[in-house]
Each structure stands twice: as structure tokens, then as C-alpha cells.
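Trainee: okay, sequence plus prediction incoming.
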Amino acid sequence: MNRTIIIEGNSVYELDENCMLKKHCKSAEEKKEKKRLVDVPDEKEEKR
């Protein structure tokens, strides 16, 4: 696993880069899906 440790003063943070990448990819897919749903015209508008 790719991990990054950040030491800030008395605090220590450990970041799991693989997990962050998965979350980023999932978020991007959800945004694409929302945009696709918004871009689809209503059936009522198509019939006009």
C-alpha cells in the first residue's frame, strides 16, 4: 500500500493514497453520471 506520513507539530497523519484515488475516481464518475442525467432532454420537450 502507498502511504504518506505527514508530521505537523505534535500531530501525525497517515494518508492511504490508494483509498484517496478510489474516492476521487468514484466522485468523478458520480459527477459524470449527474451531468449525463441533466443533459438528457425530457420526453415532453422532444415531442414538440
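Mentor: Done, it's in.

Trainee: what's the burial count for Asp16?
Mentor: By other CB atoms under 10 Å, the residues close to Asp16 number 13. Bear in mind the C-beta positions are built from the backbone N, C-alpha and C, glycine included.

Trainee: got it, and Ile6?
Mentor: 9.

Trainee: need the contact list for it.
Mentor: Residues in contact with Ile6 (CB atoms under 8 Å, 6 or more residues apart in numbering) are 12-15.

Trainee: quick one: which two of the residues you listed are the most distant?
Mentor: Val12 and Leu15 (11.0 Å; CB to CB).

Trainee: compare these two (neighbour count), which wins?
Mentor: Taking neighbours as other CB under 10 Å, Val12 and Leu15 compare with Leu15 leading, 12 against 9.

Trainee: and the more buried one, how far from Lys35?
Mentor: 29 Å (CB to CB, to the nearest Å).
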